[in-house]
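Peer 1: what's the 3D shape of this:
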Amino acid sequence: MIGSLVHAYTPLIFWTGMGALLFKYLPQSFPRFLGRSLYWVGVPWQIFALVRETDFNANAGLAPAITIATLGTGLTIAWLTLQVLLWLKTVSKPTWLSAIDSWLPPLDRSSQGTFVIASMLGNTGFVGLGLIPALLGGGDMSWAVFFSVTQNLIGTYGIGVLIASHYGRSETQSSLWTLLRDLITVPTLWAFAASYTTQSIPFPEWGETLVHSSLLFVIPASFLLMGMRLIQLKGIESLKTATISVLLKALVLPTLVAIAVAVLGLNHDARLSLTIMAGVPTAFASLILAEEYNLDPDLAASSIALSTIVILATIPIWLLVS
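Peer 2: All right, here's what the predicted structure looks like:
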């Protein structure tokens, strides 16, 4: 397990550090440009490659259904928690709550959107699929792959885009039409459709190489963006504001999933895969969506950083209970 974590985290640490070092030499607008480039080109490229090598015949019904249920649960918990936090703003705070005020997230409209997304979506691609093979020891990977594909399509670039579009605009500007327009123009969904329909068509060798070279560019670029945003944070104070979203994402949600898959009587590989995937760190896509839809990139970066640290402590727990 330690070897898997080292393997998964080494490029994260390297490229994030590079992003932090390079930031002061780059224009202030570059992080937003990089985030939008990932949204429109990088992530669709990566999804095209992932879909092309996915066997959609195995576990095609149950795994996506569990993933959608997990997304719905995460969204519900995040939204209810947000309503409680907003309500606390309107009442007289007891002394104990005022003492932990610095641990609460900012609650302006853009931060609300980031809070919900960061509490719901996980990094199932790089961290999840990077850890699962070693943790399963050659077991059934199909559950993890289907979880990752389903979350990316329905969660990140379906529900996530709707949330980002809604909170990235004022209430008067957010309408059903603008939400639908943003959804149907998501490039990742078009990339999925194109890859799925051409899955049986053999590409020339250079074409396959080009498709699968996405990992050489998209993941490092995502980490560079994270480093550029982390270097702008105000130290530990910024990380403290991500505490609640990380607790929901890294502890509450995977605990509920672990209970659910045990009740369903799934085998060990399925239980471990689904629990780990539910508890992976906050998705890098939360930062990409924050850049594209003018949400709160600081809260997104803080949630990613803190949840990436927390998973070091939670993985042994999920191994034990699964």
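
Peer 1: Longest helix in the chain, please.
Peer 2: helix 62-90 (DSSP state H).

Peer 1: Remind me what that helix packs against, helices and strands.
Peer 2: Helix 62-90 is packed against helix 109-120, helix 142-150, helix 243-247, helix 253-264, helix 268-278, with contacts defined by 3 or more CB pairs under 8 Å, 6 or more residues apart in numbering; DSSP states H and E. In short, each C-beta sits where N, CA and C put it, glycine included.

Peer 1: Please repeat the previous calculation with a cut-off of 6 Å.
Peer 2: For helix 62-90, the helices and strands in contact under the criterion 3 or more CB pairs under 6 Å, 6 or more residues apart in numbering; DSSP states H and E are helix 109-120, helix 142-150, helix 253-264.

Peer 1: Quick check: mean pLDDT of the shortest one?
Peer 2: Here helix 142-150 scores 87 as its mean pLDDT.

Peer 1: ok, back up a step: so how far is the longest helix of the chain off the chain centroid?
Peer 2: Remark: helix 62-90 is offset 14 Å from the chain centroid, using CA atoms, centre = their mean, to the nearest Å.

Peer 1: ditto for stretch 150-168
Peer 2: That offset, for stretch 150-168, works out to 10 Å (CA atoms, centre = their mean).

Peer 1: quick one: contacts of it?
Peer 2: If you take CB atoms under 6 Å, 6 or more residues apart in numbering as the criterion, stretch 150-168 is touched by 64, 67, 71, 109, 112-113, 116-117, 121, 124, 174, 179, 182-183, 186, 188-189, 192, 285, 289, 293-295.

Peer 1: mind checking the end-to-end distance for that stretch?
Peer 2: 24 Å (CA to CA, to the nearest Å).

Peer 1: Renumber starting at 30 from here on
Peer 2: Fine by me, first position is 30 from now on; the one you just mentioned is stretch 179-197.

Peer 1: Going by neighbour count, which residues in that stretch are buried?
Peer 2: Residues of stretch 179-197 classed as buried: 179-197 (neighbour count, 16 or more other CB atoms under 10 Å).

Peer 1: Then stretch 282-302?
Peer 2: 282-287, 289-290, 295, 298-302.

Peer 1: chain center to stretch 158-171: distance?
Peer 2: Relative to its chain's centre, stretch 158-171 lies at 19 Å (CA atoms, centre = their mean).

Peer 1: confidence score at His36?
Peer 2: pLDDT, His36: 68.

Peer 1: quick one: the helices in the stretch 230-351 of the chain?
Peer 2: In the stretch 230-351 of the chain, the helices defined using DSSP state H, counting those that start in this stretch lie at 234-241, 243-259, 265-269, 272-276, 282-293, 297-307, 314-321, 326-350.

Peer 1: among these, which is the most enclosed?
Peer 2: helix 314-321 (a mean of 28; mean count of other CB atoms under 10 Å).

Peer 1: which residues sit against that one?
Peer 2: Under the criterion CB under 6 Å, 6+ apart, residues 61, 64-65, 67-68, 143, 146-147, 150, 185, 189, 193, 326, 329-330 lie in contact with helix 314-321.

Peer 1: and the angle from that helix to helix 326-350?
Peer 2: 170 degrees (axes from the mean of the first three to the mean of the last three CA atoms, to 10 degrees).

Peer 1: Extract the C-alpha set from helix 314-321 and format it as PDB.
Peer 2: Coordinates of each C-alpha in helix 314-321 appear next as PDB, following Å, rounded to 0.1, in the frame of the first residue of the first chain:
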ATOM      1  CA  ALA A 314     -12.000  19.000 -11.800                       C
ATOM      2  CA  SER A 315     -13.400  21.100  -9.000                       C
ATOM      3  CA  LEU A 316     -10.500  23.600  -9.600                       C
ATOM      4  CA  ILE A 317     -11.100  23.400 -13.400                       C
ATOM      5  CA  LEU A 318     -14.800  24.100 -13.000                       C
ATOM      6  CA  ALA A 319     -13.900  27.000 -10.600                       C
ATOM      7  CA  GLU A 320     -11.700  28.500 -13.300                       C
ATOM      8  CA  GLU A 321     -14.200  28.100 -16.100                       C
END
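
Peer 1: what is the orientation angle of it with helix 138-149?
Peer 2: Using the same axes, to 10 degrees: helix 314-321 against helix 138-149 is 160 degrees.

Peer 1: how distant is helix 314-321 from the center of its chain?
Peer 2: Worked out by CA atoms, centre = their mean, helix 314-321 lies 10 Å from the chain centre.

Peer 1: tell me the mean pLDDT for that helix?
Peer 2: The average pLDDT for helix 314-321 rounds to 94.

Peer 1: isn't Thr337 right up against Pro310?
Peer 2: Yes. Applying CB atoms under 6 Å as the test, Thr337 and Pro310 come out as touching, 4.4 Å apart.

Peer 1: hang on, the earlier thing: any chance of the buried residues of stretch 282-302 in CSV, with pLDDT and distance to Thr270 too?
Peer 2: Putting the buried residues of stretch 282-302 into CSV (pLDDT from 0 to 100; distance: CB to CB, whole Å) gives the following:
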residue, pLDDT, distance to Thr270
Leu282, 97, 19
Pro283, 97, 22
Thr284, 97, 23
Leu285, 97, 24
Val286, 96, 26
Ala287, 96, 27
Ala289, 95, 30
Val290, 94, 32
Leu295, 91, 36
Asp298, 90, 37
Ala299, 91, 35
Arg300, 93, 33
Leu301, 93, 32
Ser302, 93, 31
